[in-house]
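next one to model:
(one chain, ligands or ions: 1)
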Amino acid sequence: MKVYISADMEGITGLVDAEDVQPPGRDYERGRALMTEDVNAAVRGAYAAGATYVLVNDAHGPMRNLLPDLLDPRALLIKGRPKPMGMIEGLTPDFDAVVCIGFHSRAGTLGVLSHSFMGHEIEDIWLDDRPCGEIGLLHATATSYGVPLAALTGDNTACIEATQWDPAIHTYPVKQAKDRFAAQLVPVADSRSGIEQTIRTALTTLPTGPAPAPAAAEGNHPGPSKPVHQLTVRWQSASVASHLEAVPGVHKTDDRTVTTEGEMPHLYRLFNLYLRVATAVTSNPPYC
Ligand SMILES: [Zn+2]
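I've put the predicted structure just below:
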């Protein structure tokens, strides 16, 4: 069994503030160790469930957060950026399951460190007219590969968001959000054992057959395996939308909003190109 782990940082055990998850934050170095241990718990769970290959993608901010010398040596690590597929770089159809560790809810929700891909620049994303964040886009893309999103850890709001996309996703909340920068924490040892057990259970009870595809945009005529999706992004800056309008197939619906249609996983790759453009245009490094 091949298992793919995407590791974000805002939803890691014990972390609640930008100081915990962004270099050179006061507690960032400690946060890196905590992130590595949450991933190690997931790797243990995967191997306990029968995994024979585990690939970890560091998916947060600089994408150089996980500490390779502290990472379970059974896991392979993708480190650094930029990567064309960003948070799911290296995911291919031959994996049996995707596991998300340390995830957070989308921009506009009252979750710990909630946002969508960039700190302030992205106000909203819609996938087929449905509000969407990092979890929803990842789920749609993994599904297009035929690989189920089997399990997700993060704060309680990230877990709820995941099960809204697919109730079959196993979740483990490592903290209960009190506000965007405050949470009631699960004790660290309990949290790691909860992550390990959740991943083990999710991977030993994987559904058989292809992952259910999210519904395509109304009015489209999708083929059986590659539905056409509509992706709409509302930016804080009109400048970003103006630049993106030059991309073939991308249209502005107002000064700050662009929309396009396409198949996954191409749409996910195109969205990562949006992020590169937005970063260059706004000269603000993406928060995430
Ligand atoms: Zn992140």
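
quick one: low-confidence parts of this structure?
209-225, 284-288 (pLDDT under 70).

now do the strands in it.
2-7, 53-58, 75-78, 97-103, 122-127, 130-131, 149-155, 170-179, 182-185, 228-235, 251-254, 257-263 (DSSP state E).

quick one: the ones you listed as JSON lines, columns for distance to Y274 too.
The C-beta positions use only the backbone N, C-alpha and C, and glycine is treated the same way. Shown next, in JSON lines, are the strands of the chain (distance: least, Cβ to Cβ, whole Å):
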{"stretch": "strand 2-7", "distance to Y274": "19"}
{"stretch": "strand 53-58", "distance to Y274": "19"}
{"stretch": "strand 75-78", "distance to Y274": "21"}
{"stretch": "strand 97-103", "distance to Y274": "20"}
{"stretch": "strand 122-127", "distance to Y274": "9"}
{"stretch": "strand 130-131", "distance to Y274": "17"}
{"stretch": "strand 149-155", "distance to Y274": "22"}
{"stretch": "strand 170-179", "distance to Y274": "28"}
{"stretch": "strand 182-185", "distance to Y274": "30"}
{"stretch": "strand 228-235", "distance to Y274": "7"}
{"stretch": "strand 251-254", "distance to Y274": "13"}
{"stretch": "strand 257-263", "distance to Y274": "8"}
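
the ion is nearest to which of those strands?
Closest approach to the ion among the strands of the chain (Cβ to the ion): strand 97-103, 7.4 Å.

check whether that closest one comes near the ion.
No: Strand 97-103 stays clear of the ion (Cβ under 5 Å from the ion), getting no nearer than 7.4 Å.

who are the packing partners of that strand?
Identification of packing neighbours for strand 97-103 by 3 or more Cβ pairs under 8 Å, 6 or more residues apart in numbering; DSSP states H and E yields strand 2-7, helix 28-48, helix 134-144, strand 149-155, helix 156-165, helix 188-204.

no more questions from me, cheers.
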